[in-house]
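1. For reference, the sequence and a predicted model appear below.
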There are 2 protein chains.
Amino acid sequence: MGLVVQKFGGTSVGSVERILNVAACVREEKERGNDVVVVVSAMGKSTDQLVSLAKDITKEPSKREMDMLLSTGEQVTIALLSMALQQQGLEAVSFTGWQAGIVTEPVHGNARIAKINPEAIQAQVSTGKVVIVAGFQGVTVDGEITTLGRGGSDTTAVALAAALNADKCDIYTDVTGVFTTDPRYVKDARKLLSVSYDEMLELANLGAGVLHPRAVEFAKNYKVQLVVRSSMEKEEGTVIEEEATMEQNLVVRGVAFEDEITRVTVLGLTNSLTSLSTIFTTLAQNHLNVDIIIQSTTEAGSANLSFSIHTNDLLETVKVLEDNKAELGYEQLDAENKLAKVSIVGSGMISNPGVAAKMFKVLAENDVQIKMVSTSEIKVSAVVEEKNMLKAVEALHTAFELGQQQ
Amino acid sequence: MGLVVQKFGGTSVGSVERILNVAACVREEKERGNDVVVVVSAMGKSTDQLVSLAKDITKEPSKREMDMLLSTGEQVTIALLSMALQQQGLEAVSFTGWQAGIVTEPVHGNARIAKINPEAIQAQVSTGKVVIVAGFQGVTVDGEITTLGRGGSDTTAVALAAALNADKCDIYTDVTGVFTTDPRYVKDARKLLSVSYDEMLELANLGAGVLHPRAVEFAKNYKVQLVVRSSMEKEEGTVIEEEATMEQNLVVRGVAFEDEITRVTVLGLTNSLTSLSTIFTTLAQNHLNVDIIIQSTTEAGSANLSFSIHTNDLLETVKVLEDNKAELGYEQLDAENKLAKVSIVGSGMISNPGVAAKMFKVLAENDVQIKMVSTSEIKVSAVVEEKNMLKAVEALHTAFELGQQQ
């Protein structure tokens, strides 16, 4: 008998019928003799509805009050799932983030988990109860409600699995596993039976959408075995663990993509060395995530800097840069919207220097202009125009022989 | 400069527009130089929507999980109102029940406030912030979320006013004050400028709907001055204080009414003395409120007992009685639904013995059958069939000369 942490996302709990389906999944696990802790997200579109209410009140709602507002979404789900389990004869108890002992740093909108006090959950699990925990949320040491930002429920699940010493963490989602690329857009996409943490990290970071990168990092650090699987279909999912046990010979494992990218350009930096450090320190202090960074020097000796961000963060990024203009010492700001990032990922790349070259060649053959490039040991990313994103993905998926027929 | 507690009910915060209107009310109070603590209910029909979700999952949701579910309603409102105030340039901070230090007894669905730890609110008020508190909810010493039951937001407001030593507590509602009877049903209803706590207590207890009786009791015990007024219209409200300062010569001050009453009859109680005590102790332990009680003895020496409850409590009341049948020692249970209670209230009644007689005469003349009767020093209540309720109210309102033209 072990302990399993199950996580169900917003689509899986999107209606009363689906919550009853989740209750059946939980019950099956319980009947296999395991203790079960369940982490759930807000129901389907409920977070969007709450955001829209806030936007009707004010264009710039405070992050503290957004956390207060959005954290109600998961609280509704935990109560309903607990009722559904009790209705099926299981003993269950629901916990909000603060009740579950999920302590975060004192930041609103995008807090990281600082510590988990698992005693309250453990006390309930030891009496045989299923414990249902609100994902995506926590509490500061001062009793302020915080949220973990996008995909935070994955992080809650993996962090709980680590804190509770769980035997595994099943991430139930609306797809049956991790694919070579997004099967909603590319018909030829193929499910992978296993991937390594590092590959998953790149896929997650690159917007594969199945799993949040922070969750994968957490899992890697604490060696939590993750399984990505469907809550609707019974088929086997994708195991994420230390080493991908199969298909090691494949150079490229998948093609990831992400839209709503904006490129911000800072022109005329006079003292580029200190400016660079100051700019990214300032953005980080404001919890604005920057992805690809490119710097070039002009003939006059000043420097131009470009970096990519999520389009949602544009207003705040510009505000932070303008508020600190004197200190940063630049001439002008510029931004380009409607961009997307396309990436190829695979741990086999390290020993195959021609992979990036092949990627650029394929994009050029398809008339896809490359705006920015970034590489790591196991991935190559290109920022392109949003309208070219899917064309690029399909071309790369075919060129690297990732499809069903290969 | 003083401290004012303002309470806005579900209708007053029922939409984004209305929340902005509430923000304007708060701002006016703040601009008069007062510190302000605001208590709000859930938005309009949102509680009903949450209840309906729960009922789709299970017919008998656990009270603990219902509290978990329903407490999200007020949490949404406090966040939105805080945003609205910030948008208008006021500093504001929202608190859930547990953050506001509202400690209740360990009961779900109908908890009473045990204690308020006002330090967190006071700390924010002292910095000039408007503090917005979720009504209707609290937390046990073990960190369980509880709700206060129907009308609980009024109780939150008055309890906070007492704990914070506020100068007054303004109850904003969808009517402009306390009326001689419900103006939504009786056109002739007239607004009262002031009523005593005791009169308001009877009016509230009798379903006048404007203010929860527990709130009035709290206000009476802690001598909190209450004002009932409209959030939409600027006109003067009704002051509730120690002595009604005007209109003392009127014998009957108002006609209250309440539908969804059920009469439960327990037949063949063998040992009526101990049974009576046991029955009502057992019901009280299960937090089931009993209103009117009538007992009669049969020729055979056993007793029959009737009491009235809210129709919603019928299933649970029957369950409690049946579970304890052996101990209680009765033969049979019976219940009659679709009843209503009509009451006349006024502190002048004490010295006017003919008032009850006149009430019964008016009801008889209008063919309204009386099922149960209850009297106190300042009210007379009659349980009648629901279909006769409004006819009875109108006849009594006219007979006791309460209308606009009198």
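-> Arrived safely. Numbering: from 1, shown residues only, chains lettered A, B, ... in the order given.
2. where exactly do the helices run in the stretch 251-400 of chain A?
-> Using DSSP state H, counting those that start in this stretch, the helices of the stretch 251-400 of chain A run over residues A:272-285, A:314-323, A:325-328, A:354-365, A:389-399.
3. ok, now which ones touch the residue in the stretch 101-250 of chain A positioned nearest to chain B?
-> Of all residues in the stretch 101-250 of chain A, residue A:143 sits closest to chain B, at 5.9 Å by Cβ to the nearest Cβ. From N, CA and C alone the C-beta is placed, and that goes for glycine too. Contacts for residue A:143 were tallied using Cβ atoms under 8 Å, 6 or more residues apart in numbering or on different chains; they are A:98, B:99, B:120.
4. and which of those is nearest residue A:61?
-> Proximity of these to residue A:61 (Cβ to Cβ) peaks at residue B:99, which lies at 18.5 Å.
5. gap between that closest one and chain A?
-> For residue B:99, the distance to chain A (Cβ to the nearest Cβ, to the nearest Å) stands at 6 Å.
6. if we can go back for a sec, hey, which of the helices of the stretch 251-400 of chain A is tucked in deepest?
-> helix A:389-399 (a mean of 20; mean count of other Cβ atoms under 10 Å in any protein chain shown).
7. how about the contacts of residue A:143 in a markdown table, adding distance to residue B:392?
-> A markdown table is the format used below for the contacts of residue A:143 (distance: Cβ to Cβ, whole Å):
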| residue | distance to residue B:392 |
| --- | --- |
| A:98 | 50 |
| B:99 | 46 |
| B:120 | 48 |
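8. Just the ones in helices from the residues you listed, please.
-> Among the contacts of residue A:143, the members falling in helices (DSSP state H) are residue B:120.
9. For residue A:227, state which of the contacts of residue A:143 is nearest.
-> residue A:98 (28.4 Å).
10. Give me the pLDDT for the closest one.
-> Note for residue A:98: predicted pLDDT of 98.
11. Chain A against chain B: which residues are in contact?
-> A:16, A:19-20, A:50, A:53-54, A:56-58, A:61-62, A:64-66, A:68-69, A:71-72, A:75-76, A:78-80, A:82-84, A:86-87, A:93-94, A:96, A:98-99, A:120, A:143, A:145 (Cβ under 8 Å from any Cβ of the partner chain).
12. Out of those residues, which end up buried?
-> Burial by neighbour count, judged by 16 or more other Cβ atoms under 10 Å in any protein chain shown, picks out A:16, A:19-20, A:50, A:53-54, A:56-58, A:61-62, A:64-66, A:68-69, A:71-72, A:75-76, A:78-80, A:82-84, A:86-87, A:93-94, A:96, A:98-99, A:120, A:145 from the residues of chain A next to chain B.
13. Look up phi and psi at the residue of the stretch 101-250 of chain A closest to chain B.
-> phi 80, psi 20 (degrees, to the nearest 10).
14. so how far is residue A:104 from residue A:164?
-> Residue A:164 sits 18 Å away from residue A:104, taking Cβ to Cβ, to the nearest Å as the criterion.
15. The closest residue to residue A:63 other than its chain neighbours is in what secondary structure piece?
-> Excluding its sequence neighbours, the residue lying closest to residue A:63 (Cβ to Cβ, 6 or more residues apart in numbering or on different chains) is residue A:108, at 3.6 Å. In the assignment (DSSP states H and E), residue A:108 maps to no helix and no strand.
16. Residue A:108 contacts residue A:64, correct?
-> Yes - the criterion here is Cβ atoms under 8 Å, and residue A:108 meets it with residue A:64 at 4.8 Å.
17. Now do the shared contacts for those two.
-> Joint contacts of residue A:108 and residue A:64 (Cβ under 8 Å, 6+ apart) are residue A:144.
18. Mind jotting down where the helices sit in the stretch 51-200 of chain A?
-> Assigned by DSSP H, counting those that start in this stretch, the stretch 51-200 of chain A shows helices spanning A:63-87, A:119-125, A:152-163, A:197-205.
19. relative to helix A:152-163, how tilted is the longest one?
-> Orientation check (axes from the mean of the first three to the mean of the last three Cα atoms, to 10 degrees): helix A:63-87 against helix A:152-163 gives 70 degrees.
20. What's the mean pLDDT across helix A:63-87?
-> What helix A:63-87 shows for mean pLDDT is 97.
21. For beta bridges, what are the partners of the closest residue to residue A:334 other than its chain neighbours?
-> Leaving aside its chain neighbours, residue A:334 sits nearest to residue A:265 (4.2 Å; criterion: Cβ to Cβ, 6+ apart). Bridge pairing for residue A:265 (DSSP bridges) gives the partners residue A:306, residue A:334.
22. so what's residue A:102 up against?
-> By Cβ under 8 Å, 6+ apart, the neighbours of residue A:102 are A:113, A:116, A:133, A:137, A:138, A:139, A:156, A:159, A:160.
23. Between the residues you listed, which sits nearest residue A:277?
-> residue A:113 (27.4 Å).
24. what's the spacing between residue A:285 and chain B?
-> Taken as Cβ to the nearest Cβ, the span from residue A:285 to chain B is 22 Å.
25. what about stretch A:39-54, average pLDDT?
-> For stretch A:39-54, the per-residue pLDDT averages 94.
26. quick check, distance from that stretch to the centre of its chain.
-> On the basis of Cα atoms, centre = their mean, to the nearest Å, stretch A:39-54 sits 17 Å off its chain's mean C-alpha point.
27. Can you list the buried residues in it?
-> A:39, A:40, A:41, A:42, A:43, A:44, A:46, A:47, A:50, A:51, A:53, A:54.
28. I'd guessed the fifth one sits against residue A:75; true?
-> So the one you mean is residue A:43. No - the pair residue A:43 / residue A:75 is not scored as a contact, 10.9 Å apart, by Cβ under 8 Å.
29. quick one: which of the contacts of residue A:143 is nearest to residue B:339?
-> Nearest to residue B:339 among the contacts of residue A:143 is residue B:99, at 41.4 Å by Cβ to Cβ.
30. What distance do you get for the nearest residue to the closest one once chain neighbours are set aside to residue A:74?
-> Using Cβ to Cβ, 6+ apart and skipping the chain neighbours, the partner closest in space to residue B:99 is residue A:143 (5.9 Å). Separation of residue A:143 from residue A:74 (Cβ to Cβ): 18 Å.
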